[in-house]
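K.L.:
Sequence and predicted structure below; questions after.
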Amino acid sequence: QVQLVESGGGLVQAGGSLRLSCAASGRTSYAMGWFRRAPGWEREFVATITWSIGNTDYADSVKGRFTISRDNVKNTVYLEMNSLKPEDTAVYYCATKLRQGPLWDYWGQGTQVTVSS
């Protein structure tokens, strides 16, 4: 089992910044990811990072504005979000996968990010 706890969401004006954190506990996993779901939209991928090497990948919509990073000692993953836009408003979820492949095994409870115009 892996437990994931997100924090750091909130209300910010357009152009502002927020940093989300996801603390992981339990068994070791392969990679961590951030996803988001806006009202009326499907959940979408935001960013991912592998624990061991730190390989990253981003959705095109956030490239150049968001940065994912990890602290292997604290078992925590971060999502630094800059130049935020109203369309970034969503519930952001942290997830982890135990092995390479498309499936994500565990999810956090989500944290709300609201960007006002």
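P.N.:
Perfect, I can see it now.

K.L.:
Tell me who's in contact with the residue nearest to residue 1 when sequence neighbours are not counted.
P.N.:
Nearest residue to residue 1, sequence neighbours excluded (CB to CB, 6 or more residues apart in numbering): residue 26, at 4.9 Å. Where you see a C-beta, it was placed from the backbone N, CA and C, and this is true even at glycine. Shown in contact with residue 26 (CB atoms under 8 Å, 6 or more residues apart in numbering): 1-3.

K.L.:
Report the buried members of those.
P.N.:
Neighbour-count burial (16 or more other CB atoms under 10 Å) is assigned, among the contacts of residue 26, to residue 2.

K.L.:
before we move on, back to that, mind listing the residues bridging to the residue nearest to residue 1?
P.N.:
residue 2 (DSSP bridges).

K.L.:
need the contacts of residue 26 in CSV with pLDDT and distance to residue 84, can you?
P.N.:
Listed next are these as CSV, based on pLDDT from 0 to 100; distance: CB to CB, whole Å:
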residue, pLDDT, distance to residue 84
1, 87, 33
2, 91, 28
3, 95, 28
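
K.L.:
Could you give the bridge partners of the residue nearest to the spatial centre of the chain?
P.N.:
Centroid-nearest residue in the chain: residue 34, 2.6 Å away (criterion: CA atoms, centre = their mean). Beta-bridge pairing for residue 34 (DSSP bridges): residue 47, residue 94.

K.L.:
you'd agree it is up against residue 21?
P.N.:
No. With contact defined as CB atoms under 8 Å, residue 34 does not reach residue 21; the gap is 10.7 Å.

K.L.:
Name the residues contacting each of these two.
P.N.:
residue 77.

K.L.:
Which residue ranges of this protein form strands?
P.N.:
Counting by DSSP state E, one finds strands in the chain at the ranges 2-7, 10-13, 18-26, 31-37, 44-50, 56-58, 66-71, 76-81, 90-97, 106-107, 111-116.

K.L.:
and residue 112, how far is that from residue 3?
P.N.:
Distance, residue 112 to residue 3, by CB to CB, to the nearest Å: 20 Å.

K.L.:
again, but for residue 99
P.N.:
Distance of residue 99 to residue 3, computed by CB to CB: 18 Å.

K.L.:
Repeat that for residue 101.
P.N.:
21 Å.
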